[in-house]
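S.K.: Just need the structure, nothing else, for what follows:
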Amino acid sequence: DMADNIGKHINVVECGEVSCLAIDADHLSQHFFANAIEIFPGNPNHIDLFYALNPHVEIVEIADRIICEVRDNGCRWRDLAIIVGNEEVYKKTIEKVFSIYEIPYFFDMKRDMMSHPLVMSILSMMDISLYNQQSKDIFKFLKCGYTDLSRTEIEELENYAIKHGIYGYKWKREFKYNDNRTNGMEKLRQDFSGILRMLEDLKKKSSVVSKIKTLTTLLEDMDVYQKTKEITQDLKANNMYEKAYENAQVWNAVMSVFEQVANISQDADIDAEELKTLLKTGFEEFRLSIIPPSEDSVIIGTLGKVSVNRVKNIYVAGMNEGMIPSSNIERGILYDDERNALNALGAKIHLDEYHVELERNTFNKLLNQYTEKIFFSYSLSDIEGKSQRPSTYITRIKQLFPKIRVAGGVVEKNLLAQAVKPSINYLTDMIRLRLSEEKRISEADIQFYLWLRENEPDHYQLVSQGMLYDNKAEINDKSLISHLY
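M.R.: Numbering: from 1, shown residues only. Here you go, the predicted model:
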């Protein structure tokens, strides 16, 4: 009526069926944290749930699915993202599995610098000064790679020091041991004896500025800045771009920590122990940000620390109890009632409920960041084989979608992997198993074996050798048996 009154005509356009993605995806995001359970009537086509024996098998299954998406469905690597429940558990597994599957990936998380050789070198120098030039501290410093000694020379010097019991004050004296290597080892000692003499100055109580100046002079004399640049170039030449970008930032990061320590303490007199504590605290707090080395790579990160912007598929791995949602919330030194009391007095202190709510909000945001499918997975056991329980979030998904199909991991499928390299191990094991049980080899395995012969002769030869390999040691000279027993 209103349109007629103003002389306008309404065109009625019939829309087709609403995408099933919109239905099940919206249902998941709208009702996941709702108080009441709203059951989805059908089978969700864009929400997948599977379990695996352990985190390794879980990542292998995800790698298989990623390969299928890129190969068969026209996805780009950058269209896919992985969220892991625990960085420590999954990072090395992903690095190992994805390198075999040749999947380009990028960990979107800030790196700490405590394990970098330059930081370890500086802390080792502090230990040399503090603990009177103990051999373990000296060789830890040398093995960081910023002196002019080669790896072989360091190892020979270490063996020499162990043999002759060289420690402490003996590093200051000329080597005069009855050994045909003494002249060569003495020359190596002299190559870094100047560094040991300069480190003696750190033991004396003096101003922070003077101690920082001593450390900076040492690094400059060792030409660390130039060596860092050379290492960065070598890493780039070997296509290790993440390590290269990380290494390129370390020198500036170390100088920044030095500057902060000097500005905070200024002319205060401190000893070597206090300086080490200040430097270690600064290094622990510093984080290195890395940009993706490639525009087309799978983004990987932990919940709340990764930026995912409207990708096609999201894989949420590690949906286990204590991982997602996390149970490792830093409680600090205050109890909840103490926090409440301080907040009442006007202090702005976050309560544990804040962190819980923040994680819930982050997870709920994640449920709206994909356009096609989201995959949830969990492991039945950890890396050590200890049993694990699925997350309460898994229980919630099953409650919302009673008809969802929960698939097993790659072990239960017993099929070839989706890439050549990981399939070779499977093929060798499967053929050996079938031959030992005198069972027929599957047609798919035979076809893959023949494909290797035509297209990958080197891998074909490895598989052929592996089928007949016997891990029994042979005794070539049996005359030695009587001498041993």
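S.K.: Poorly predicted segments of the stretch 1-150 of the chain, please.
M.R.: 1-22 (pLDDT under 70).
S.K.: how about the strands in it?
M.R.: 47-52, 80-84, 105-107, 111-112 (DSSP state E, counting those that start in this stretch).
S.K.: Check the stretch 251-400 of the chain too.
M.R.: Secondary structure of the stretch 251-400 of the chain by DSSP E, counting those that start in this stretch: the strands cover 269-270, 287-288, 298-302, 311-317, 370-379.
S.K.: Could you dump the strands of the stretch 1-150 of the chain into TSV and include distance to Gly466 and mean neighbour count?
M.R.: Placement of C-beta: from N, CA and C, glycine included. Compiled in TSV, those are given as follows (distance: least, C-beta to C-beta, whole Å; neighbours: other C-beta atoms under 10 Å):
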stretch	distance to Gly466	mean neighbour count
strand 47-52	25	21
strand 80-84	31	27
strand 105-107	29	23
strand 111-112	38	16
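S.K.: Out of those, which is closest to Met430?
M.R.: Ranking the strands of the stretch 1-150 of the chain by proximity to Met430 (C-beta to C-beta) places strand 47-52 first, at 19.2 Å.
S.K.: Adding distance to Val356, write the strands of the stretch 1-150 of the chain out as a markdown table.
M.R.: A markdown table is the format used below for the strands of the stretch 1-150 of the chain (distance: least, C-beta to C-beta, whole Å):
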| stretch | distance to Val356 |
| --- | --- |
| strand 47-52 | 24 |
| strand 80-84 | 18 |
| strand 105-107 | 25 |
| strand 111-112 | 25 |
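S.K.: Does Asn178 belong to a helix, a strand or coil?
M.R.: Assigned by DSSP: H, G, I helix; E, B strand; the rest coil, the conformation of Asn178 is coil.
S.K.: For the remainder of this discussion, apply numbering that starts at 627.
M.R.: Happy to do that; since the first residue is 627 now, the last one works out to Asn804.
S.K.: any idea how far Glu684 is from it?
M.R.: 59 Å (C-beta to C-beta, to the nearest Å).
S.K.: Among the two, which residue is more densely surrounded?
M.R.: Glu684 (28 against 6; other C-beta atoms under 10 Å).
S.K.: check contacts around that one.
M.R.: 677-678, 943-944, 1003-1005, 1035 (C-beta atoms under 8 Å, 6 or more residues apart in numbering).
S.K.: May I have the beta-bridge partners of the closest residue in space to it that isn't next to it in sequence?
M.R.: Nearest residue to Glu684 in three dimensions, chain neighbours excluded: Ala678, at 3.7 Å (C-beta to C-beta, 6 or more residues apart in numbering). Following DSSP bridges, Ala678 is listed with bridge partners Ser1005.
S.K.: circling back: please indicate which of the contacts of Glu684 are buried?
M.R.: 677-678, 943-944, 1003-1005, 1035 (16 or more other C-beta atoms under 10 Å).
S.K.: Helix or strand next in line after the helix or strand encompassing Phe1074, which one?
M.R.: Assessed by DSSP states H and E, Phe1074 sits inside helix 1069-1081. Per DSSP H and E, helix 1069-1081 leads on to helix 1083-1093 as the next helix or strand towards the C-terminus.
S.K.: what separates the helix or strand following that following helix from the chain centre, distance-wise?
M.R.: As assigned by DSSP H and E, the chain's next helix or strand after helix 1083-1093 is helix 1106-1110. Its chain's C-alpha centre and that of helix 1106-1110 lie 49 Å apart, by C-alpha atoms, centre = their mean, to the nearest Å.
S.K.: Can you tell me the centre-most residue of this protein?
M.R.: The centroid of the chain falls nearest to Lys717 when counting by C-alpha atoms, centre = their mean (3.1 Å).
S.K.: Let me see the contact set for that residue.
M.R.: Taking C-beta under 8 Å, 6+ apart, one finds 710, 733 in contact with Lys717.
S.K.: returning to what we had before: ok, of the buried ones among the contacts of Glu684, which one's closest to Ser725?
M.R.: Ala943 (17.2 Å).
S.K.: how close does the closest one sit to Ile692?
M.R.: Distance from Ala943 to Ile692, by C-beta to C-beta: 12 Å.
S.K.: who touches both of the two?
M.R.: Shared contacts of Ala943 and Ile692 (C-beta under 8 Å, 6+ apart): none.
S.K.: quick one on the thing from earlier: and the gap between the residue nearest to Glu684 and Thr1018?
M.R.: 19 Å.
S.K.: pretty sure Phe658 is touching Gln1025, no?
M.R.: No - contact criterion C-beta atoms under 8 Å: Phe658 and Gln1025 do not qualify, at 10.0 Å.
S.K.: got the buried residues for the helix holding Phe1074?
M.R.: 1071, 1074-1075, 1078.
S.K.: And the furthest pair within the buried ones among the contacts of Glu684?
M.R.: Gly944 and Gly1035 (13.4 Å).
S.K.: Now the phi/psi pair for the residue nearest to Gly794 when sequence neighbours are not counted, please.
M.R.: In this structure, Gly794 finds its nearest non-sequential neighbour in Asn758, 5.0 Å apart by C-beta to C-beta, 6+ apart. Per-residue torsions, Asn758: phi 60, psi 50 (degrees, to the nearest 10).
S.K.: Which of the three states applies to the closest residue to Thr808 other than its chain neighbours?
M.R.: Nearest residue to Thr808 in three dimensions, chain neighbours excluded: Phe801, at 5.2 Å (C-beta to C-beta, 6+ apart). State at Phe801, reduced to three classes by three-state DSSP: coil.
S.K.: Return the backbone torsion pair for Phe801.
M.R.: The phi/psi pair for Phe801 (degrees, to the nearest 10) is phi -70, psi 120.
S.K.: neighbours around it, how many?
M.R.: 22.
S.K.: cool, and Phe658?
M.R.: Look at Phe658: counted by other C-beta under 10 Å, it has 15 neighbours.
S.K.: Just list the residues touching it, thanks.
M.R.: Contact analysis of Phe658 by C-beta under 8 Å, 6+ apart lists 989-990, 993, 1019, 1022-1023, 1026.
S.K.: Skipping its backbone neighbours, what lies nearest Asp705 in space?
M.R.: Here the residue nearest Asp705, using C-beta to C-beta, 6+ apart, is Lys938, at 4.1 Å.
S.K.: surely the one you found meets Ile1000?
M.R.: No - assessed by C-beta under 8 Å, Lys938 is found out of contact with Ile1000, at 10.1 Å.
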